[in-house]
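Chemist: Predicted structure and sequence below. I'll ask about it afterward.
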Amino acid sequence: MSPSKSKPSRSKAVSKSAATAPKAATRPAAASTREAKRSTGGAPAATERAPVLADVRARIDGIDRQIQALIAERANFALQVGKAKGPLKAAIDYYRPEREAQVLRMVVDRNDGPLSDEVLVRLFREIMSACLAQQEPLKIGYLGPEGTFSQQAVHKHFGHSAHGLPLASIEEVFQEVAAGNADFGVVPVENSGQGTIQVTLDMFLTSPLKICGEVELRVHQHLMSRSGRLEDIERVYSHPMSLAQCKSWLRQNLPKAEKVPVSSNAEAARRARGSDDAGAIAGASAGHVYGLKVVAGPIEDRPDNTTRFLVIGRELLPPCGHDRTSLLVFISDRPGALFDVLSPLARHGVSMDRIESRPAHTGRWQYAFFIDVLGHVQDDALSAALRELEKAAVQVKVLGSYPVAVL
Ligand SMILES: O=C(O)C(=O)C[C@]1(C(=O)O)C=C[C@@H](O)C=C1
């Protein structure tokens, strides 16, 4: 769904510390071990390796001191930014998702390895999360209990310094955010193999909430149980979507086991904890929470299995420069109505990357269209297209303009 990431103009500049690091610190450990082996006729000489190790560790200690000092300096600046924003009250007043997306894009653009973009984005996300939590941690509602993929999505998007609120259903996540008991909510909206999570889309038909972000999560399923033995399992609990994601694996490996759909993967893990002949399909983190052993995993049929989540909040966001907008468009029941709604987008060069219809709940055979386009409602092209689109539709709701997921 999201456009493929491109890094055309990667700067090749070498950072100051890397450029000035002495040979001992930059030389790969494997290379020095190989040399040691050669000079001793095969076996690495213990006496030659020890000083190199100590030397490299001393360099690492020095770098850690610098990193720590810089993180503290950054945290102080983040506090100053907080003061510059004026006398604000709650964590949500300090949170700037559009700025966070810009920071993470710069991290990706600067990255020349050896760590992957994913790893660096995770580290910087945690730094920003901790900087923001100095004021007060954000409260994020998600489909619980603890250990769900939704909780992983919360951590991926808000970092571990945010405070997660496990809730019983997607509807409850919407309610708690609308009531102000959670600052934001994280809800699943589609899976790469299984398609749309319809309850989430349907909530937007009546909810006043806005979309403030998206999170893409690679979903790895594991079969887990109390004993960790495949032969003990006669029953497998999981969310219906996870059972569907592992259908072929289950057919091949547990054809006779009963498949029991439950409300969430974490709930499946909680149930499997109760008996020796039960297993759960869930993420590994649910297994940790409920003390299960991994029987097999990853077991999803498609290796690129990814779920997209939406971040829901109460306000529209300003642009970050790399945004997506979600629209809900109600059209009349007449020939050509959908064409009339889509053609302004094409005329103004707005790129549409998703369209999905749902019964509008306003009358029989009336449909609402969920349309995702690239750009922000404040962009010239999109705002011009929207003005024309509004004339062609019965009603248009801007669900949100929000940063495209960085990774
Ligand atoms: O730049 C800001 O507005 C900040 O508050 C700083 C900072 C950061 O750590 O970079 C912290 C929290 C915001 O959500 C965005 C960015």
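Modeler: Nice, thanks for sending it over. This is a predicted model, so every value here is computed, not measured.
Chemist: For Arg324, give me its contacts.
Modeler: 2, 214, 353, 372-375, 401-404 (CB atoms under 8 Å, 6 or more residues apart in numbering). The C-beta positions use only the backbone N, C-alpha and C, and glycine is treated the same way.
Chemist: Now flag whichever of those residues is closest to the ligand.
Modeler: Proximity of these to the ligand (CB to the nearest ligand atom) peaks at Pro403, which lies at 11.5 Å.
Chemist: Go ahead and build a PyMOL selection from the buried members of the contacts of Arg324.
Modeler: Of the contacts of Arg324, the buried ones can be selected in PyMOL as follows, counting by 16 or more other CB atoms under 10 Å:
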select buried, resi 2+214+372+373+374+375+401+402+403+404
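Chemist: could you pull out the strands for the stretch 201-350 of the chain?
Modeler: Counting by DSSP state E, counting those that start in this stretch, the stretch 201-350 of the chain has strands at residues 210-218, 222-225, 235-238, 258-261, 278-282, 293-296, 306-313, 323-330.
Chemist: would you turn the contacts of Arg324 into a markdown table with pLDDT and distance to the ligand?
Modeler: Below are the contacts of Arg324 laid out as a markdown table (pLDDT from 0 to 100; distance: CB to the nearest ligand atom, whole Å):
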| residue | pLDDT | distance to the ligand |
| --- | --- | --- |
| Ser2 | 38 | 21 |
| Glu214 | 98 | 16 |
| Asp353 | 92 | 26 |
| Asp372 | 97 | 24 |
| Val373 | 98 | 25 |
| Leu374 | 98 | 23 |
| Gly375 | 98 | 22 |
| Ser401 | 98 | 17 |
| Tyr402 | 98 | 14 |
| Pro403 | 97 | 12 |
| Val404 | 97 | 17 |
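Chemist: Okay, and which of the contacts of Arg324 map to strands?
Modeler: Among the contacts of Arg324, the members falling in strands (DSSP state E) are 214, 353, 372-374, 401-403.
Chemist: Over in the stretch 151-300 of the chain, which residue gets nearest the ligand? Let me know.
Modeler: Counting by CB to the nearest ligand atom, the stretch 151-300 of the chain gets nearest to the ligand through Phe158 (9.5 Å).
Chemist: show me what contacts the spatially closest residue to that residue that is not a sequence neighbour?
Modeler: Distances taken as CB to CB, 6 or more residues apart in numbering put Ile140 closest to Phe158, at 5.6 Å, once the chain neighbours are dropped. Residues near Ile140 by CB under 8 Å, 6+ apart: 154, 158, 162-165, 182-186.
Chemist: The residue of the stretch 151-300 of the chain closest to the ligand against Leu138, yeah?
Modeler: Yes: counting by CB atoms under 8 Å, Leu138 is a contact partner of Phe158 at 6.0 Å.
Chemist: Settle it for me: which of those two has more neighbours?
Modeler: The neighbour comparison of Phe158 against Leu138 (other CB atoms under 10 Å) goes to Phe158, with 31 against 23.
Chemist: Now stretch 340-352 - C-alpha only, CSV.
Modeler: C-alpha atoms of stretch 340-352 as CSV (Å, rounded to 0.1, in the frame of the first residue of the first chain):
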residue,chain,number,x,y,z
ASP,A,340,-17.6,11.8,-10.8
VAL,A,341,-16.1,11.5,-7.3
LEU,A,342,-12.8,10.1,-8.5
SER,A,343,-12.1,12.2,-11.6
PRO,A,344,-11.2,15.4,-9.6
LEU,A,345,-8.4,13.4,-8.0
ALA,A,346,-7.1,12.4,-11.4
ARG,A,347,-7.5,15.9,-12.8
HIS,A,348,-5.4,17.4,-10.0
GLY,A,349,-2.7,14.7,-10.1
VAL,A,350,-3.6,13.3,-6.7
SER,A,351,-2.4,9.8,-6.4
MET,A,352,-4.9,7.4,-4.9
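Chemist: can you list contacts of that stretch?
Modeler: Residues outside stretch 340-352 that contact it (CB under 8 Å, 6+ apart): 329, 331, 355, 369, 371-375, 381-382, 384-386, 388-389, 392-393.
Chemist: Among the residues you listed, the buried ones, what's the PyMOL command?
Modeler: In PyMOL, this line selects whichever of these come out buried by 16+ other CB under 10 Å:
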select buried, resi 329+331+369+371+372+373+374+375+381+382+385+386+388+389+392+393
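Chemist: Could you list the low-confidence segments of this protein?
Modeler: By pLDDT under 70, the weakly predicted segments of the chain are 1-51, 88, 364-365.
Chemist: Quick check: residues of it near the ligand?
Modeler: Neighbours of the ligand within the chain, by CB under 6 Å from any ligand atom: 78, 81-82, 94-96, 99-100, 103, 128, 131-132.
Chemist: try it again with 8 Å
Modeler: 74, 77-78, 81-82, 85, 94-97, 99-100, 103, 127-128, 131-132 (CB under 8 Å from any ligand atom).
Chemist: Mind checking which of these land in helices?
Modeler: Judged by DSSP state H, helices contain the following of those: 74, 77-78, 81-82, 94, 97, 99-100, 103, 127-128, 131-132.
Chemist: Make a markdown table from the residues you listed and add distance to Gly297 to it.
Modeler: A markdown table is the format used below for these (distance: CB to CB, whole Å):
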| residue | distance to Gly297 |
| --- | --- |
| Arg74 | 37 |
| Phe77 | 42 |
| Ala78 | 38 |
| Val81 | 42 |
| Gly82 | 42 |
| Tyr94 | 39 |
| Pro97 | 32 |
| Arg99 | 37 |
| Glu100 | 32 |
| Val103 | 33 |
| Ile127 | 30 |
| Met128 | 31 |
| Cys131 | 35 |
| Leu132 | 34 |
